[in-house]
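S.K.: pasting the structure only:
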């Protein structure tokens, strides 16, 4: 029952080794049950034949030693064939899983290249009034919030892979250090006017993400040596980022992430892919 829940509800109750043992037990049990059914059918036919022979008063049929030996050899051959078939199917499954992983890896890398190109094209789209609003925290007062909302929406519909955009700036409210803006943070009030409610951060849960963000505000890149799934930056999904500059200083970080990343699931294979990237090769600015 636990194995059925694991398989069909995609829960994670049994350890992987137990799941494999249950699968092996089910396969072996199925084969044994099939063999038992066939044996039962053969025995039933043998009993019917014996009864018919008795009624017909036929002489007893003696099975020679040679025939018995052939029967035993046939049973061994059948069992070996079953084992080879199961082994072949298992090898086929592993080869298909490996091929699917390689194909997904190639697609992941290609999508990552497209995300880097998208960042290079998106950063120049920030107009000077929007940059002023981001730098001075005056998007509402300068009436640039609607233009920013349009830009956030247009990026998702104008570039390959439907990227979602996140903007991280310096927070103007103590004790917070960072303010995150995305399309979900811009909404219309009861009067129909757009309002902005940034997501504030005093820091980020992981030291690595905090270091990356801080270095970007210093217009530097941080070496990424492993997967990172942070509040803003997620290297397990094709994504890229750059810096918005004004007056020679970094005022905000723009992060793009592939929107339709379901293409990189494991296509029904139980183990998820462990792809990740190391970020843009160079600092991208406007």
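M.R.: On my side now, so go ahead. Everything numeric here is computed off the predicted structure, so don't read it as measured data. Numbering: from 1, shown residues only.

S.K.: Show the subsequent helix or strand relative to the helix or strand hosting residue 50.
M.R.: Assigned by DSSP states H and E, residue 50 belongs to helix 16-56. Where DSSP H and E defines the elements, the next helix or strand beyond helix 16-56 is helix 65-122.

S.K.: what's the angle from that following helix to helix 16-56?
M.R.: Orientation check (axes from the mean of the first three to the mean of the last three C-alpha atoms, to 10 degrees): helix 65-122 against helix 16-56 gives 150 degrees.

S.K.: by contact count, what packs against helix 65-122?
M.R.: The contact analysis (3 or more C-beta pairs under 8 Å, 6 or more residues apart in numbering; DSSP states H and E) places helix 65-122 against strand 239-246, strand 249-257. C-beta: built from backbone N, CA, C; applies to glycine.

S.K.: Quick check: buried residues in the first one?
M.R.: In this case it means strand 239-246. 239, 240, 241, 242, 243, 244, 245, 246 (16 or more other C-beta atoms under 10 Å).

S.K.: now these as TSV including distance to residue 166?
M.R.: Formatted as TSV, the buried residues of strand 239-246 follow (distance: C-beta to C-beta, whole Å):
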residue	distance to residue 166
239	10
240	12
241	9
242	12
243	13
244	12
245	18
246	19
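
S.K.: Out of those residues, flag the one nearest to residue 136.
M.R.: residue 246 (9.8 Å; C-beta to C-beta).

S.K.: what sits against the closest one?
M.R.: Listed by C-beta atoms under 8 Å, 6 or more residues apart in numbering, the contact partners of residue 246 are 131, 132, 135.

S.K.: repeat for residue 145
M.R.: Residues near residue 145 by C-beta under 8 Å, 6+ apart: 133, 139, 186, 194, 195, 196.

S.K.: 10 Å instead, please
M.R.: Residue 145 is in contact with 130, 133, 138, 139, 181, 186, 193, 194, 195, 196, counting by C-beta atoms under 10 Å, 6 or more residues apart in numbering.

S.K.: From these, which land in strands?
M.R.: In this view, the contacts of residue 145 that belong to strands under DSSP state E are 181, 186, 194, 195, 196.

S.K.: can I get those in CSV with pLDDT, distance to residue 168 and neighbour count?
M.R.: Shown next, in CSV, are those (pLDDT from 0 to 100; distance: C-beta to C-beta, whole Å; neighbours: other C-beta atoms under 10 Å):
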residue, pLDDT, distance to residue 168, neighbour count
181, 94, 8, 23
186, 89, 15, 19
194, 88, 20, 15
195, 89, 19, 12
196, 89, 14, 16
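
S.K.: could those be laid out in JSON lines, adding distance to residue 216?
M.R.: Formatted as JSON lines, the ones in strands among the contacts of residue 145 follow (distance: C-beta to C-beta, whole Å):
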{"residue": "181", "distance to residue 216": "16"}
{"residue": "186", "distance to residue 216": "23"}
{"residue": "194", "distance to residue 216": "27"}
{"residue": "195", "distance to residue 216": "27"}
{"residue": "196", "distance to residue 216": "22"}
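
S.K.: Now intersect the contacts of residue 246 with the helices, please.
M.R.: When DSSP state H defines the helices, the subset of these inside them is 131, 132, 135.
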